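Colleague: model this:
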Amino acid sequence: MTVEPARSVPSLSVPAPRSTAEPPAVPAAPPGGRAAWLAWSIGVSVYVLAVIHRTSLGVAGLDAADRFGIGASALSTFSILQVLVYAAMQIPVGLLVDRYGPRKVLLLGVLLLSTGQLAFAFSSSFGPALASRAVLGCGDAMTFISVLRIAARWFPAAKNPFVAQLTGLVGMGGNLITTVVLAQALHSEGWTPTFTAIALLGVAVFALVALFLREVPARAPSVGRTVEAPVERPRIGHQVRACWREPGTRLGLWIHFTTQFPGNTFGLLWGMPYLIQAQGLSRAEAGGLLTLLVLANMTSGFVFGRVLSRTARARMPIVLTVIGATALGWALALAWPGGHPPMWLLVAIVVVMGSNGPASLVGLDYARARNPVERLGTASGIVNMGGFIGTVITLLGVGVLLDALTPEGTAGYPADAFRWAFCWQYVPMVVGTLMILRLRRRVMDSKP
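Modeller: Numbers count the residues shown, from 1 in each chain. Modelled structure (predicted):
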């Protein structure tokens, strides 16, 4: 009996079952590139518009005093209320940006800016004009934080300090428009046509944002389903407390407070009266120095941005140098015999104050480095309050002292009144510097 050899049965390879689960969402790095610059450019156009609105009173202070029949204290109330509203809105705006995105907040900001400026154009009495500046301040508050949030979504982290400084630099272009174009328009066209034209600029900017702004990059299929993993929205109180507990946020606030207010006080309201009434300059000469303030701001912003994008170690040296130079410059001017410093010293002070705004943005760098992206808007809002709180304190102090030191019946304000009133700047400057030095050590000892 023969036995046939067993036939080999071909093995059937069964493929392993394929997983139908989608890959988890992985946060994608911000892409940068042309699309990022386009998104930033659209956002920063709103900030330029806001700066035009914000600084419009700086060249119209004397006109406003004549139009509404008010003195220094009441005149300073315009800027104080506008800046106070701006500061008070920073945390709410930061929360809105974190929850609803910068695009919606920017659109609302443009509407409020245009509405407030249009009402200001047709105001003929103090009360309605004051209310319109409050509305304008509310719209202004919604711009800068929104642009920073757009930049954080579109640009790599290492590029953010430079983009933040560039935002401030481009925004100062609005200040340049104010000092060059608006001052001349007020003289040739009058109050209502000039401020109405500024208000109507908002129509074009609103359309630009509504039609073309993308606040986050498009989906990136190579890294998962979405650009970033979904983040649970924390409660408002928890969000604010978490930001405030971070020492870098508090340090950023005091840096912003101490470095920004001298330039703000000079550019927003008291620079033109000081140069014309205390120093005897012509309106054209005073306008030229305010233009130099803007150009110095833009130059400093570019330089600081390039330095900070290379090394974070330059943050504190920049801050302390700017504070020291500002304090020294004003000390020389205010102590000058007769209260009339030479033109070269006025130019030097203006150039130094031009670095105030860019130095204040270093505070935002500290907050950005120490807070996660989901609460970046809130942290930026807390920091951004600082400089405007300092501005309110200084605007009010200078205005009250000017009225108190000017004899009744005197036309304008004498040089001595300006000299003693401007000494008030050293009160917030000293307090802020002490807080910076105190918190600096705590930030250095804490982990990033």
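Colleague: Could you measure from the residue most central in space within the chain over to Ala325?
Modeller: Centroid-nearest residue in the chain: Phe144, 5.0 Å away (criterion: C-alpha atoms, centre = their mean). Separation of Phe144 from Ala325 (C-beta to C-beta, to the nearest Å): 24 Å. Just so you know, the C-beta spots here come from the backbone N, C-alpha and C atoms, and that holds for glycine as well.
Colleague: How about Gly412?
Modeller: Gly412 is 30 Å from Ala325, by C-beta to C-beta.
Colleague: So those two - more neighbours on which side?
Modeller: The residue with more neighbours, out of Gly412 and Ala325, is Ala325; 18 against 12, by other C-beta atoms under 10 Å.
Colleague: quick one: that one from Phe304, how far?
Modeller: Distance of Ala325 to Phe304, given as C-beta to C-beta: 14 Å.
Colleague: so what sits against both of those two?
Modeller: Jointly contacting Ala325 and Phe304 under the rule C-beta atoms under 8 Å, 6 or more residues apart in numbering are Ser355.
Colleague: can you give me the helices for the stretch 201-350 of the chain?
Modeller: Applying DSSP state H, counting those that start in this stretch to the stretch 201-350 of the chain gives helices spanning 236-245, 247-265, 271-273, 283-310, 315-335, 343-353.
Colleague: so what's the backbone phi/psi at Val141?
Modeller: For residue 141 the amino acid is Ala, not Val. phi -60, psi -20 (degrees, to the nearest 10).
Colleague: What number of neighbouring residues does the residue nearest to it when sequence neighbours are not counted come out with?
Modeller: Among residues not flanking Ala141 along the chain, Met89 sits closest, at 3.6 Å (C-beta to C-beta, 6 or more residues apart in numbering). For Met89, the count of nearby residues is 23 (other C-beta under 10 Å).
Colleague: what's the spacing between Met89 and Tyr47?
Modeller: Applying C-beta to C-beta, the value for Met89 to Tyr47 is 15 Å.
Colleague: remind me which residues of the protein are low pLDDT?
Modeller: Scanning the chain for pLDDT under 70 picks out 1-31, 219-234, 409, 411, 445-448.
Colleague: report the longest helix in it, please.
Modeller: Ranked by number of residues, the top helix in the chain under DSSP state H is helix 376-405.
Colleague: quick check: angle from that helix to helix 236-245?
Modeller: With axes from the mean of the first three to the mean of the last three C-alpha atoms, to 10 degrees defining the directions, helix 376-405 sits at 70 degrees from helix 236-245.
Colleague: Next, the angle from helix 376-405 to helix 247-265.
Modeller: Using the same axes, to 10 degrees: helix 376-405 against helix 247-265 is 40 degrees.
Colleague: In the helix or strand just after helix 376-405, which residues are buried?
Modeller: The helix or strand immediately downstream of helix 376-405 is helix 415-422, counting by DSSP states H and E. Within helix 415-422, the residues that qualify as buried are 417-419, 421-422, counting by 16 or more other C-beta atoms under 10 Å.
Colleague: neighbours of Leu328, just the number please.
Modeller: Leu328 is flanked by 13 other residues according to other C-beta under 10 Å.
Colleague: give the contact list for it.
Modeller: Applying C-beta under 8 Å, 6+ apart to Leu328 gives no contacts.
Colleague: So it versus Gln425, what's the distance?
Modeller: Leu328 is 12 Å from Gln425, by C-beta to C-beta.
Colleague: and if you look at Leu200?
Modeller: Separation of Leu200 from Gln425 (C-beta to C-beta): 37 Å.
Colleague: Pick out whichever of the two has more residues nearby.
Modeller: Set side by side, Leu200 and Gln425 show more neighbours around Gln425, with 22 against 13, by other C-beta under 10 Å.
Colleague: Do I have it right that that one meets Trp330?
Modeller: Yes: applying C-beta atoms under 8 Å, one finds Gln425 in contact with Trp330, separated by 6.3 Å.
Colleague: so what sits against both of the two?
Modeller: Listed as contacting both Gln425 and Trp330 by C-beta under 8 Å, 6+ apart are Pro262.
Colleague: Other residues contacting stretch 156-171?
Modeller: The contact list for stretch 156-171 (C-beta under 8 Å, 6+ apart) reads 29-30, 32, 40, 44, 47-48, 50-51, 144, 147-148, 151-152, 155, 297-298, 301-302, 304-306, 308-309, 312, 357-358, 361, 364-365, 368.
Colleague: Now do the contacts for Val322.
Modeller: When contacts are counted by C-beta under 8 Å, 6+ apart, Val322 touches 259, 352, 355-356, 359.
Colleague: Tell me how many other residues crowd the nearest residue to Leu290 once chain neighbours are set aside.
Modeller: Closest residue to Leu290 apart from its sequence neighbours, by C-beta to C-beta, 6+ apart: Thr179 at 4.6 Å. By other C-beta under 10 Å, 25 other residues sit near Thr179.
Colleague: ok, now Pro193?
Modeller: 12.
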